[in-house]
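Colleague: give me coordinates for this.
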Amino acid sequence: METLRNTPNRVVGTKQVLRGIKAGTLAKVYVAEDTDTFLFQRVVRAAEAARVPVQRVPTMKELGQVCGVETRAAAAGILRS
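Modeller: Numbers count the residues shown, from 1 in each chain. Reported below is the predicted structural model:
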């Protein structure tokens with residue numbers, strides 16, 4: 001998670017992460033375990049299908065804090081260099 005915290009090249013939010021997976025622009029995906037089950041599975045399955053590594057984070061609150069946003073975040077991703 002330190003990589004996510006220290007990089008400006010990230011996207012935050014389920015929609016942005018799914019777009020990034022589809023476009024092939026993400027190197028890694030982070031998803032919160034307390035996310036709605038449907039959204040959690042959708043992100044994980046899309047990432048696995050695209051062969052993008054997925055790291056699970058315990059809570060949406062924690063993921064939001066790491067990303068520097070004031071709200072909770074269900075998913076985030078690091079852009080490819």
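Colleague: C-terminal to the longest helix along the chain, what's the next element?
Modeller: Among the segments of the chain that qualify as a helix by DSSP state H, the longest is helix 37-49. Scanning forward in sequence from helix 37-49 by DSSP states H and E, the next helix or strand is strand 54-57.
Colleague: list the helices and strands that following strand packs on?
Modeller: Contacts defined by 3 or more Cβ pairs under 8 Å, 6 or more residues apart in numbering; DSSP states H and E place strand 54-57 against strand 26-32, helix 37-49. Just so you know, the C-beta spots here come from the backbone N, C-alpha and C atoms, and that holds for glycine as well.
Colleague: give me the average confidence score over the helix or strand harbouring Arg19.
Modeller: Secondary structure from DSSP H and E places Arg19 in helix 14-23. Computed over helix 14-23, the mean pLDDT rounds to 97.
Colleague: what does it contact?
Modeller: 11, 26, 29, 31, 35, 39, 42-43, 46-47, 50, 52, 74-77, 79 (Cβ atoms under 8 Å, 6 or more residues apart in numbering).
Colleague: phi and psi next, for the residue lying closest to Gly24 once chain neighbours are set aside.
Modeller: Residue nearest to Gly24 in three dimensions, not counting chain neighbours: Ala50, with 6.8 Å by Cβ to Cβ, 6 or more residues apart in numbering. Dihedral angles of Ala50 (phi, psi; degrees, to the nearest 10) stand at phi -90, psi 0.
Colleague: contacting residues for Ala50?
Modeller: Residues near Ala50 by Cβ under 8 Å, 6+ apart: 21-22, 24.
Colleague: measure Arg19 to Glu62 for me?
Modeller: 23 Å (Cβ to Cβ, to the nearest Å).
Colleague: neighbour-wise, which of the two wins?
Modeller: Taking neighbours as other Cβ atoms under 10 Å, Arg19 and Glu62 compare with Glu62 leading, 17 against 14.
Colleague: roughly how far is stretch 43-51 from the heart of the chain?
Modeller: With Cα atoms, centre = their mean, to the nearest Å as the basis, stretch 43-51 stands 11 Å off its chain's centre.
Colleague: contact partners for Ala32?
Modeller: Shown in contact with Ala32 (Cβ under 8 Å, 6+ apart): 40, 56-60, 62-63, 72-75.
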